[in-house]
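Colleague: What follows is a predicted protein model with its sequence.
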Amino acid sequence: MHTGAAGAWSVPRSRPAAGRAALTLLGVTRLPLFPLGAALFPGLVLPLNVFEERYRALVRDLLALPEDAPRRFGVIAIRNGLEVAPTGQEGRATGPAAGLGDEPMEALYGYGCVADAAGIAEREGGGYELVATGVTRFSLLSLDVSGEYLTGEVEEVPERTGTGAGALVPEVTRAFTAYQKRLAGARERTLSAQEFPDDPTVLSYLVAAAVIAETPVKQGLLETPDTAARLGAELRLLRRESALIDKLPSLPAVDLAQQAVSAN
């Protein structure tokens, strides 16, 4: 589902320095962008292994910021395209939009998540490892492909609780617990006791990140307009997936609430 506010791919005439764009997110601003094959959610953590030169340049610019400044960039899921620059592929095979075809704006979803970079470590032989923590959602308004890496004009998407979010918390918690038990049983694993957050928004993002689903499904949860609607969608999804697990017990070994290291 693509509901971003953008229209045509636009290239602004000038691009502020990445550091200046990464300092804050107030209304409409410009951020360095890191397209991935998965969605990032506010409050969730995603380890990144950075090896392509375009993203090394992004990390170098983040490291050049003042020590007390937030090192922020935008993680946005790829709708049609590749994370890693292709070789010999038609379309854009080189440059900041490599792998996204001739219309990069159309290749990306319209919503992403601002990420705060922490624990940046340079790897021997080049590249970086870092941990990205989701901060807040944004809508993508335009792309700029004139620099070493993608930047975008983005607008923060405010968090809205919606009607009935609190009442859905116990239902989603029960459904998520049942879902976890079915997964553990299908894999013949022991499920340790867990405590779930009482805050409806925090719970909604935890479940969105932890449920095993394809990127379009997770992206739909990221784009849901308010917490109540997200929890309602998750309740339906968890019940459906639990029923499917009962019928199809052979499942991939994916740990809940953990994000795999993503290599660009």
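Modeller: Received, thanks.
Colleague: where does the chain have low pLDDT?
Modeller: Applying pLDDT under 70 to the chain flags residues 1-26, 81-94, 186-193, 248-264.
Colleague: and it, what are its domains?
Modeller: Here the domain parsing of the chain from automatic domain parsing is 18-158, 165-247.
Colleague: Strands of the stretch 1-150 of the chain, residue ranges please.
Modeller: Applying DSSP state E, counting those that start in this stretch to the stretch 1-150 of the chain gives strands spanning 28-36, 45-50, 72-78, 108-122, 128-144.
Colleague: Nearest to residue 220, out of these?
Modeller: When the strands of the stretch 1-150 of the chain are compared by C-beta to C-beta, strand 108-122 sits nearest residue 220, at 9.7 Å. Every C-beta, even on glycine, is put in place using the N, C-alpha and C of the backbone.
Colleague: next one: that closest one to chain centre, how far?
Modeller: Put simply, strand 108-122 sits 8 Å off its chain's centre (C-alpha atoms, centre = their mean, to the nearest Å).
Colleague: which parts of it are buried?
Modeller: By 16 or more other C-beta atoms under 10 Å, the buried positions in strand 108-122 come out as 108, 109, 110, 111, 112, 113, 114, 115, 116, 117, 120.
Colleague: Kindly report the same for stretch 216-232.
Modeller: Residues 217-224, 226-232 are the ones in stretch 216-232 that count as buried (16+ other C-beta under 10 Å).
Colleague: Give me the distance between the two termini of it.
Modeller: Using C-alpha to C-alpha, to the nearest Å, the end-to-end distance of stretch 216-232 comes out at 17 Å.
Colleague: thinking again about what came up before, what's the most buried one of the domains of the chain?
Modeller: Most buried of the domains of the chain, by mean neighbour count (mean count of other C-beta atoms under 10 Å): domain 18-158, with a mean of 19.
Colleague: where does that one sit relative to the chain's centre, distance-wise?
Modeller: Taking C-alpha atoms, centre = their mean, the mean C-alpha location of domain 18-158 is offset from the chain mean by 10 Å.
Colleague: same question, stretch 233-245
Modeller: How far stretch 233-245 lies from its chain's middle: 22 Å, per C-alpha atoms, centre = their mean.
Colleague: which residues are in contact with it?
Modeller: Residues from elsewhere that reach stretch 233-245 (C-beta atoms under 8 Å, 6 or more residues apart in numbering): 168, 171-172, 175-176, 178-179, 182-183, 186, 204, 207-208, 211-213, 217, 220-221, 224, 251.
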